[in-house]
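Novice: Generate coordinates for the sequence data below:
(chains A, B and C)
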Amino acid sequence: MRYLPLTPDDRRAMLAKIGAPDVDALYRDVPASAHVGLSAFDLPDTQGEMEVERALSKLAAKNIAAGAAPFFCGAGAYKHHVPASVDHLIQRSEFLTSYTPYQPEIAQGTLQYLFEFQTQVALLTGMEVANASLYDGSTATAEAVLMAQRVTKRGKAVLSGGLHPHYAQTVETVAGLAGRMVRVPVTPGKAEDIIALIDEETACVVVQSPDVFGLIRDLRPVAEAAHARGALLVAVVTEAVSLGLLEPPGAQGADIVAAEGQSIGNGLNFGGPYIGLFATREKFLRQMPGRLCGETVDVEGRRGFVLTLSTREQHIRREKATSNICTNSGLCTLAFTIHLSLLGEEGLTRLARLNHATASALATRLAALPGVELVTDAFFNEFTIRLPKAAAPVVEALAGRGIVAGVPASRLLPHEPSTANLLIVAATECVSDADADALVAAIRETL
Amino acid sequence: MSEVRYTDQHEWIRLDGEEAAVGITRYAAESLGDVVFVELPAIGKAVKAGGEAAVVESVKAASDIYAPVSGTVSAANAVLSAEPSKVNDDPEGEGWFFKLKGVSADEFGKLMDEAAYKKFVETL
Amino acid sequence: MSMNNQGRPTSLDGGDSRRRAVAPGTITPEELPTISGDRGLDHEEKLIFELDHGAVGVDIPDVQVSAERLGGMRRSGGIGLPGLSEPEVVRHYVRLSRKNYAIDSGLYPLGSCTMKHNPRLNEKMARLPGFGDLHPLAPQSTTQGALELIATLMTWLERLTGMPAVAMSPKAGAHGELCGLLAIRAAIAARGETRTRILVPESAHGTNPATAAFAGFTVDSVPGKADGRVDAEALKAKLGPDVAAIMLTNPNTCGLFEGEVVEIARAVHDAGAYFYCDGANFNAIAGRVRPGDLGVDAMHINLHKTFSTPHGGGGPGAGPVVLSQRLAAFAPLPLLVADGRGLRLIEDAADAPAGAKPFGRMCAFHGQMGMFVRALAYMLSHGRDGVRQASEDAVLSANYILASLKDVMSAPFGDGPCMHEALFDDSFLEGTGVTTLDFAKAMIDEGYHPMTMYFPLVVHGAMLIEPTESESKESLDRFIHVLRELAREAREGKIARFAGAPRLTPRRRLDETAAARRPVLRWRKPDPVKQAAE
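Specialist: From the prediction side, this is the model:
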């Protein structure tokens, strides 16, 4: 086996040193009934690199990659161009094959980029502090609700109908243990009246902007109403590039921002690994979940970085920890940080404008088709249209022709008849004029 | 005239008239190492003897501070929030954590006096 | 704080090493501060924000947009991101990378973390566009290959563990623990019972009690025995009608197999409770022992440990959970089913097949696909025989280390055998003036990442060494030699190299107290007024 350095001679010599007759003797604590031979496993034997590559490539070839077709899916995961240097750098051994930076003297590389990452996230979201990331946007949202429950010592959370349904389900599963989760019915293309649901028992109200249909929400009145009742506003962002063009949640009164960072630096990966961004106000620092990297000095007075405030975490606090989370999304944060460094202020702003312009032009063309209606009048790079017939079969039909038209709302809300004809369309910088032409023509033909 | 008593959890309590100040002993402060954060109870909170009342954190450990006796929190040492090092510098003086009112003389009387606590520490 | 004025002790004699290691007339680095502040290959590197000079590292057309479709929410202020060109960004992160230790550059003996070789084939496979560039909500007819890959990985996990079902979505070990406990909670509720207590051995990893509390249970700690195993009798005595589950790590955190596990499982089941096994150490027994045969009801598998998906400086991981027949029905969404047209993801509870009662959803989408591809590439490469050989080599290497060091370092649980990691305590350092931390930091100067220290908590001054199957005998022998010499020097009172170690690193010991007392968690633009005043 090519990954195993020990030779049969090495193994014999090592057993001799140990004083064991064979390797079975090392497993003597395992009850006799639990020993099994290889034949107990109905699985194949060792294969060479070429054979494995062939088998997996065959599986990969059965899928339609986003880059291989006119492609318009979003709804929480976005196809963006990632500069070649990003993937090259994150594959450097020193980043790829290192552990959590518990020995700061030999992990300054990881620690410094985490510090840069935390700063970038705070700047982007308009918040004061950010952690070193969580698993993804949905789990970050659940952690935000849990944190609001801790801060306010209240249980109830009000979830906007525009919150990505998978996010809402994740929040219900995890935070529902500690309080009532009130989900507002969906109102595609409109901001619901959520303020009336905030009361003195409410820990937080969770609003996504742009919402799952692409609609840009004004968080300011919600923040004001929440604060008036002692509740927090959790702002959710699933498309991080939007922060290059839109007013950040921090400037709109959000207390916690939970966001998906995949669209900066990270591939689609069929849903994971992604990267949860988590930012808040300085006063809530010690209630924050997840790892934090902080600045300090070494014994010679030189600036350096360490993981800090770890007493909040599970390995010290055990059952009293702020969260049971053990890891962050290390390498994904690095990809995010490098990509954002390449973009810089100007690059991100241009990228965001290009996304909006591309989506806006496509929305205009689609809305001009007979029977097609634009549902979301304010959006970033994703919008929802209403077709004169069910959207899911249209998407399937177009997929058969090599065009991936978007996400039918029924995929996320299968038992919500009012959304059956809705199609959520994302158009990023990757959408070419030819892609847009293909989509417009194909939809016209199916109607 | 104030009177000081100790617990086997290494808290001290100094009864001064109606009010009793609570902190951790020098022994506890030294074994914790550099204190980096103190979480104090809210004023008005009712605590029970042996119940969790505050948290003290060093870089590597977090420990609960228990109320030596029952009572109502009447003050919290806000200075510690900004300067947690006070707990190390002067644990049995300026490094007090909180004060209690409505303390039962009976509960207080059952705690160790200085000599007993000293003896207790020697057995550790 | 004392400055380093002891030269660079490179000989193993310690003590008077300065005169020996440095020839007369040569200048030590400390005596030659460089003009640049850099030292050879070790470059000082500012924060990316401090390198800002208004350049740009991408070429993106400058299109203007009208605000009419932004709902009045256009950004009113700047962001504050620095501007650099591509070569500057590349150099910055390459320089940072060189300040990290990594498994690719040296033995990484972190017990309980499993730092094994990360094959690059796995990276290549995960980047195939059909996986890496695949959207989670693309029409399922266009993602059949990905679903097939997940189904294949599920089969591998089920067969290796002898368990009938697996939930794939948990994103890390702790997330898997939560998934397992929520399934247990749902199963208990479905029986119309209320059980609130979870038994956790005191040697457990901190995530176990944290997760149990998080899932709404109270934690009841079970003591261990002098031989490093859980006290099975004490555990049985704690069982009762309010006990929901036990959480047992096996092999346990002391690197030992819990020999009474079958009996424990039987007692737990007889009491109507469930057996959650923390699968963090599955890499010791994969291919030899099936947890299903031990009576396990739920176990998460850290794909980043046993199946070698890279640790990436702290993630991302993946923590699928295998489930027994008693818990299978409660697996969270999404579910993967085969129907006439191929494979299909069930993403809504209302569409679940008969009998399935998913307890909810752990995250958006379908789990850590990128990690699934890598793990399957690892499994296919090893095959069942290679998986077994890897486990055996890991156990053999750990026992070799135990046998080679037990006379100079102290092993709290005697002669072994151990499983995949060898546990020592700090009693061999008693009276030497060298602390566990000093000893570990001195290893850094010798070119090694330290072992896991102070874990498990049940052993005073624990040092947990996990060599994994990825080291050659020569590499192990060299490591053993260095540790033996360090132990000898400590014992002989040659402690100069320990105090204040490490010395040969980009940074020396860092002030963690200052970092925690006044947290600085982000860079802020220096205030020009304040700067001018200084």
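
Novice: Please give me every residue in contact with the spatially closest residue to residue A:424 that is not a sequence neighbour.
Specialist: Nearest residue to residue A:424 in three dimensions, chain neighbours excluded: residue A:407, at 4.6 Å (Cβ to Cβ, 6 or more residues apart in numbering or on different chains). Every residue, glycine included, has its C-beta placed from N, CA and C. Listed by Cβ atoms under 8 Å, 6 or more residues apart in numbering or on different chains, the contact set of residue A:407 reads A:73-75, A:395, A:423-424, A:426, C:137.

Novice: okay but residue C:152 is in contact with residue C:376, surely?
Specialist: Yes - applying Cβ atoms under 8 Å, one finds residue C:152 in contact with residue C:376, separated by 6.2 Å.

Novice: still on that earlier bit, could you dump the contacts of residue A:407 to JSON lines with neighbour count, secondary structure and pLDDT?
Specialist: Shown next, in JSON lines, are these (neighbours: other Cβ atoms under 10 Å in any protein chain shown; DSSP: H, G, I helix; E, B strand; the rest coil; pLDDT from 0 to 100):
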{"residue": "A:73", "neighbour count": "27", "secondary structure": "coil", "pLDDT": "98"}
{"residue": "A:74", "neighbour count": "28", "secondary structure": "coil", "pLDDT": "98"}
{"residue": "A:75", "neighbour count": "29", "secondary structure": "coil", "pLDDT": "98"}
{"residue": "A:395", "neighbour count": "28", "secondary structure": "helix", "pLDDT": "97"}
{"residue": "A:423", "neighbour count": "26", "secondary structure": "strand", "pLDDT": "98"}
{"residue": "A:424", "neighbour count": "29", "secondary structure": "strand", "pLDDT": "98"}
{"residue": "A:426", "neighbour count": "30", "secondary structure": "strand", "pLDDT": "98"}
{"residue": "C:137", "neighbour count": "28", "secondary structure": "coil", "pLDDT": "98"}
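
Novice: Adding distance to residue C:280 as columns, could you present those residues in JSON lines?
Specialist: Output for these, formatted as JSON lines (distance: Cβ to Cβ, whole Å):
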{"residue": "A:73", "distance to residue C:280": "36"}
{"residue": "A:74", "distance to residue C:280": "36"}
{"residue": "A:75", "distance to residue C:280": "34"}
{"residue": "A:395", "distance to residue C:280": "41"}
{"residue": "A:423", "distance to residue C:280": "44"}
{"residue": "A:424", "distance to residue C:280": "39"}
{"residue": "A:426", "distance to residue C:280": "39"}
{"residue": "C:137", "distance to residue C:280": "32"}
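
Novice: In a helix, residue C:246, correct?
Specialist: No - Residue C:246 sits outside any helix when classified using DSSP: H, G, I helix; E, B strand; the rest coil, being strand.

Novice: contacting residues around the helix or strand harbouring residue A:259?
Specialist: Following DSSP states H and E, one finds residue A:259 within strand A:256-260. Identification of contacts with strand A:256-260 by Cβ under 8 Å, 6+ apart yields A:76-77, A:125, A:127, A:136-138, A:140-141, A:143-144, A:147-148, A:204, A:232-240, A:243, A:249-250, A:274-280, A:284, C:364.

Novice: From those residues, keep the buried residues only.
Specialist: The neighbour-count criterion (16 or more other Cβ atoms under 10 Å in any protein chain shown) marks A:76-77, A:125, A:127, A:136-138, A:140-141, A:143-144, A:147-148, A:204, A:232-240, A:243, A:249-250, A:274-280, A:284, C:364 among those as buried.

Novice: what about the residue nearest to residue A:424, distance to residue C:320?
Specialist: Residue A:407 sits at a distance of 26 Å from residue C:320 (criterion: Cβ to Cβ, to the nearest Å).

Novice: cool, and residue C:353?
Specialist: 20 Å.

Novice: Give me the more crowded residue out of those two.
Specialist: Shown here are residue C:353 and residue C:320; by other Cβ atoms under 10 Å in any protein chain shown, residue C:320 has more neighbours (30 against 10).

Novice: Just the pLDDT for the more buried one.
Specialist: Looking at residue C:320, its pLDDT stands at 98.

Novice: Residue C:214 too?
Specialist: 87.

Novice: Tell me which residues touch the residue lying closest to it once chain neighbours are set aside, please.
Specialist: Counting by Cβ to Cβ, 6+ apart, residue C:214 lies nearest to residue A:324, which is 4.6 Å off, once chain neighbours are set aside. Contacts for residue A:324 (Cβ under 8 Å, 6+ apart) come out as A:314, C:174, C:177-178, C:207, C:210-211, C:213-214.

Novice: 6 Å - rerun?
Specialist: A:314, C:174, C:207, C:210-211, C:214 (Cβ atoms under 6 Å, 6 or more residues apart in numbering or on different chains).

Novice: buried sites along stretch A:69-88?
Specialist: A:69-80, A:82-83, A:85-87.

Novice: I meant to write stretch C:133-147 there.
Specialist: Result for stretch C:133-147 [16+ other Cβ under 10 Å]: buried residues C:133-140, C:142-147.

Novice: Quick one: distance of it to the chain centre.
Specialist: Mean C-alpha position of stretch C:133-147 versus that of the full chain (Cα atoms, centre = their mean, to the nearest Å) differs by 29 Å.

Novice: any residues touching it, and which ones?
Specialist: A:59-60, A:62-67, A:73, A:75, A:77, A:267-268, A:270-271, A:395-396, A:399, A:404, A:407, A:411, C:130, C:342-343, C:365.

Novice: Do a quick rundown of the helices in chain B.
Specialist: Taking DSSP state H, the helices of chain B run over residues B:26-32, B:79-82, B:86-89, B:105-109, B:114-122.

Novice: Redo those helices as a markdown table? Include distance to residue A:103.
Specialist: Output for the helices of chain B, formatted as a markdown table (distance: least, Cβ to Cβ, whole Å):
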| stretch | distance to residue A:103 |
| --- | --- |
| helix B:26-32 | 23 |
| helix B:79-82 | 31 |
| helix B:86-89 | 26 |
| helix B:105-109 | 47 |
| helix B:114-122 | 34 |
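
Novice: In CSV: these, plus distance to chain A, mean neighbour count and mean pLDDT.
Specialist: As requested, the helices of chain B are exported to CSV (distance: least, Cβ to the nearest Cβ, whole Å; neighbours: other Cβ atoms under 10 Å in any protein chain shown; pLDDT from 0 to 100):
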stretch, distance to chain A, mean neighbour count, mean pLDDT
helix B:26-32, 11, 17, 89
helix B:79-82, 11, 15, 90
helix B:86-89, 14, 19, 93
helix B:105-109, 26, 13, 89
helix B:114-122, 25, 12, 92
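
Novice: State the helix or strand in which the spatially most central residue of chain C lies.
Specialist: The centre of chain C sits closest to residue C:113, judged by Cα atoms, centre = their mean, with a distance of 4.6 Å. Using DSSP H and E, residue C:113 sits in no helix or strand.

Novice: How about the contacts made by it?
Specialist: So residue C:113 contacts residue A:99 (Cβ under 6 Å, 6+ apart).

Novice: repeat that for 10 Å
Specialist: A:99-100, A:102, C:280, C:302, C:304-305, C:311, C:421, C:449, C:451-452, C:455, C:464, C:466, C:468 (Cβ atoms under 10 Å, 6 or more residues apart in numbering or on different chains).

Novice: And residue A:203, by the same measure?
Specialist: Counting by Cβ under 10 Å, 6+ apart, residue A:203 makes contact with A:145-158, A:175, A:178-180, A:226, A:230-232, A:234.

Novice: downstream neighbour of the helix or strand hosting it in the secondary structure list?
Specialist: Applying DSSP H and E as the criterion places residue A:203 in strand A:202-208. The first helix or strand that comes after strand A:202-208 along the chain, using DSSP H and E, is helix A:220-228.

Novice: which other residues reach that next one?
Specialist: A:148, A:158, A:160, A:191, A:194-198, A:202-207, A:209, A:219, A:231-235, A:247, A:249, A:251-255, C:73.

Novice: Report the angle between that helix and strand A:202-208.
Specialist: 170 degrees (axes from the mean of the first three to the mean of the last three Cα atoms, to 10 degrees).
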